[in-house]
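**Q** Return atomic coordinates for the entry below.
(one chain, ligands or ions: 1)
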Amino acid sequence: MPATACARANVALVKYWGKRPGPLNLPAVGSLSLTLAGLEATASVGPRAAGAPAFMSAGQAVEGTAARRMEAFLERLREFAPGAPPLAVEVGIGFPVGAGLASSAAIFCATAAAGLSALGLSRDRRELSRLARQGSGSAARSVFGGLVEWHRGRRPDGEDSFAEPLAGGDNWPLAMAVAVIEHGPKAIPSRDAMEHVAQTSPFFEAWIAGQDADLAAARQAVGAHDLTALGTIAEQNCLRMHATCFAARPPVMYWRPGSLAVIDEIRRLRAEGVAAWFTMDAGPQVKALCLENDLEVIATRLATVPGVQAVLRARSGAGVEMIEGAPPWS
Ligand code: 2P0
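**A** Have a look, this model is predicted:
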């Protein structure tokens, strides 16, 4: 029964920010991301021993909201296999958690795959993506490698809200330099921030209204392997998302002084002819989108910016993989 899967974090170039109502974790917008090698989580799922915690991370029992959320997700998985015993998951993560590096995407994606495998179930990757989405929205995208689009969908049952690899996304050696500004957990979890911003930001409707145009432009840029166009859209989309957050009452501000310093440095690099574009998520870290060949130059430069604690180098990575147990996908 025990099964182990490995999934990677992904970073959105066109962001998911906002949900439709209901329990299925349906997004208010479509989104587009790059899955990253190196930012990996493993999840081992097996039967839960009596009295044992349902969710362990790095050898410690996880408690509080994160544990309840994972328990609900494990129960959701178990609904597919009536009569199966309660499940437990042990997660290992090789990068900073809760700091805007999409750890929940990698964790829930790996848990979905390992869970289905442990239960002896078989589902295609599209179904796996729908399922991972219910654990954490961005996990829907980590099912696939490289450039991925998660469709918003229209249906209340979520059948049309899944991710898939983007046409033209293969054979494009993209990478990201991740400038880590703070290692600790973020001030406000993205799930709470999203809800708060949707309810209080006067810019939220405008954010939603602009998304389809950004997605269409990004798709076209990917199809043409036009990094300038993709990077430009990514920066604009990131700034629109954060502007929406700044305008919430009270404001949601993930930026730190070091974040702005890194953004300035990326713009300076670009003025010098180095192809790099910034994006930021629900945390102070800044990611520079670039080609693999430029990754080292960019990472070395960003490491010199005051306020930067570390720079992670991440190339485009693969989708979810099984380490132990049969793959649940056909
Ligand atoms: C994204 N983020 O597209 C956006 C941009 C953060 C900023 O997806 O509530 O952890 O679990 O569905 O996926 C973070 O939100 O939220 C996120 P839930 P999730 O990557």
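
**Q** give me the beta-bridge partners of G92?
**A** Beta-bridge pairing for G92 (DSSP bridges): T42.

**Q** wait, it sits on M56?
**A** No: contact criterion CB atoms under 8 Å: G92 and M56 do not qualify, at 9.5 Å. Any C-beta I mention is one placed from the backbone N, CA and C, and that applies to glycine too.

**Q** what's the helix or strand for Q199?
**A** Per DSSP states H and E: Q199 is located in helix 190-200.

**Q** now swap in G46 and tell me
**A** Counting by DSSP H and E, G46 is part of strand 31-47.

**Q** That strand - contacts with which helices or strands?
**A** Strand 31-47 is packed against strand 3-14, strand 87-93, helix 103-118, helix 139-142, strand 147-150, strand 174-180, helix 204-223, strand 310-315, with contacts defined by 3 or more CB pairs under 8 Å, 6 or more residues apart in numbering; DSSP states H and E.

**Q** Pick the most deeply packed of these.
**A** Neighbour counts (mean count of other CB atoms under 10 Å) averaged over each of those peak at helix 139-142, with a mean of 33.

**Q** Check which helices and strands it sits against.
**A** Packed next to helix 139-142, using 3+ CB pairs under 8 Å, 6+ apart, are strand 3-14, strand 31-47, helix 103-118, helix 125-135, strand 147-150.

**Q** can I get those in TSV with mean pLDDT and distance to P251?
**A** TSV is the format used below for those (pLDDT from 0 to 100; distance: least, CB to CB, whole Å):
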stretch	mean pLDDT	distance to P251
strand 3-14	97	21
strand 31-47	96	23
helix 103-118	96	23
helix 125-135	97	28
strand 147-150	98	27
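
**Q** Kindly reformat those as JSON lines containing distance to the ligand.
**A** JSON lines is the format used below for the helices and strands packed on helix 139-142 (distance: least, CB to the nearest ligand atom, whole Å):
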{"stretch": "strand 3-14", "distance to the ligand": "3"}
{"stretch": "strand 31-47", "distance to the ligand": "5"}
{"stretch": "helix 103-118", "distance to the ligand": "4"}
{"stretch": "helix 125-135", "distance to the ligand": "7"}
{"stretch": "strand 147-150", "distance to the ligand": "8"}
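
**Q** show me the contacts for the closest residue to N293 other than its chain neighbours.
**A** Leaving aside its chain neighbours, N293 sits nearest to P173 (7.4 Å; criterion: CB to CB, 6 or more residues apart in numbering). By CB atoms under 8 Å, 6 or more residues apart in numbering, the contact list for P173 reads L291, E292, N293, R315, S316.

**Q** Buried members of the residues you listed into ChimeraX, please.
**A** A single ChimeraX command selects the buried members of these (16 or more other CB atoms under 10 Å):
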select :316
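
**Q** So of the contacts of P173, which two are at opposite extremes in space?
**A** N293 and S316 (12.8 Å; CB to CB).

**Q** Tell me which residues are up against the helix holding Q199.
**A** With CB under 8 Å, 6+ apart as the criterion, helix 190-200 contacts 17-19, 28, 100, 188, 204, 244-245, 248-249, 252, 281-282.

**Q** least trustworthy position among those, going by pLDDT?
**A** Within the contacts of helix 190-200, G100 has the lowest pLDDT, namely 61.

**Q** Just list whatever residues bridge to N10.
**A** T35.

**Q** got the contact list for it?
**A** Here N10 is in contact with S33, L34, T35, L36, A102, A105, S138, R141, S142, V148 (CB under 8 Å, 6+ apart).

**Q** Go through these and name the one nearest A276.
**A** The closest of those to A276 turns out to be L34 (CB to CB; 13.8 Å).

**Q** Format the helices and strands packed on helix 139-142 as CSV; extra columns: distance to V308.
**A** Formatted as CSV, the helices and strands packed on helix 139-142 follow (distance: least, CB to CB, whole Å):
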stretch, distance to V308
strand 3-14, 17
strand 31-47, 17
helix 103-118, 20
helix 125-135, 31
strand 147-150, 26
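
**Q** Relative to T304, how far out is F108?
**A** 35 Å (CB to CB, to the nearest Å).

**Q** Show me what from the chain comes close to the ligand.
**A** Contact residues, the chain versus the ligand (CB under 6 Å from any ligand atom): 12, 15-17, 25, 31, 102, 104, 136-138, 190-191, 281-282.

**Q** Of these, which pair is most distant in space?
**A** N25 and D281, at 17.3 Å, using CB to CB across these.

**Q** Please say which of those two ends up with more neighbours.
**A** Regarding N25 and D281, a neighbour count based on other CB atoms under 10 Å identifies D281 as having more, with 25 against 20.

**Q** Next, the angle from the strand holding G46 to strand 87-93.
**A** Interaxial angle, strand 31-47 versus strand 87-93 (axes from the mean of the first three to the mean of the last three CA atoms, to 10 degrees): 130 degrees.

**Q** quick one: strand 31-47 to helix 204-223, angle?
**A** 90 degrees.

**Q** Just the angle for strand 31-47 relative to strand 310-315, thanks.
**A** Interaxial angle of strand 31-47 relative to strand 310-315 (the same axes, to 10 degrees): 90 degrees.
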